[in-house]
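Trainee: Sequence first, predicted model second:
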Amino acid sequence: MIVSKCAICGGKVEERAISETVRIENDFAVVENVIAGVCVGCGERYYPPRVVDRLRDIETHAMDREKLAELHIMGRAYQISYNAPIPGISV
Ligand SMILES: [Zn+2]
């Protein structure tokens, strides 16, 4: 465990398997089963150095679909302005 006590709120930090999103230009990859420390109080995440390195490797190679057979397309990404009109809903 990288830390046992949260630096922000002082809460207990537990090791958990979480999902982490990495962004590659305008694409995103959700990385499952990332083992990280998570504060039970505020949710702050703490990553061991090897996990940071691994996420960086995935970020670097995630779009190399010919080599990464386990990269699955799971949805779409959209961009919208905060003030974009929504039919039937007044701002
Ligand atoms: Zn905390």
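Mentor: Nice, I can see it.
Trainee: Model confidence score at Lys12, please.
Mentor: Here, the pLDDT recorded for Lys12 equals 97.
Trainee: Equivalent analysis for Met1, please.
Mentor: 63.
Trainee: And Arg65, by the same measure?
Mentor: Per-residue confidence at Arg65 stands at 68 (pLDDT).
Trainee: before we move on, what about Arg45?
Mentor: At Arg45, the pLDDT value in this model is 96.
Trainee: For it, list each beta-bridge partner.
Mentor: As for beta bridges, Arg45 partners with Val38 under DSSP bridges.
Trainee: Count the neighbours of it for me.
Mentor: Per other Cβ atoms under 10 Å, the neighbour tally for Arg45 reads 14. The way it works is simple: take the backbone N, C-alpha and C, and place the C-beta from them, glycine included.
Trainee: Return the residues in contact with it.
Mentor: For Arg45, the contact set (Cβ atoms under 8 Å, 6 or more residues apart in numbering) comprises Ile18, Ala36, Gly37, Val38, Cys39.
Trainee: contacts with the ion among the residues you listed, please.
Mentor: Restricting these to those within reach of the ion (Cβ under 5 Å from the ion) leaves Cys39.
Trainee: Of the contacts of Arg45, which is the nearest to the ion?
Mentor: Top of the list for closeness to the ion, among the contacts of Arg45 and by Cβ to the ion, is Cys39 at 3.2 Å.
Trainee: Verify the stated contact: that closest one with Ile8.
Mentor: Yes. Cys39 is within contact range of Ile8, at 7.1 Å (criterion: Cβ atoms under 8 Å).
Trainee: So these two - more neighbours on which side?
Mentor: Higher neighbour count among Cys39 and Ile8: Cys39, with 20 against 10, using other Cβ under 10 Å.
Trainee: Show me what from this protein comes close to the ion.
Mentor: Within the chain, the positions near the ion by Cβ under 5 Å from the ion are Cys6, Ile8, Cys9, Gly11, Cys39, Gly41, Cys42, Glu44.
Trainee: 8 Å instead?
Mentor: Taking Cβ under 8 Å from the ion as the contact definition, the chain meets the ion at 6-11, 13, 39-44.
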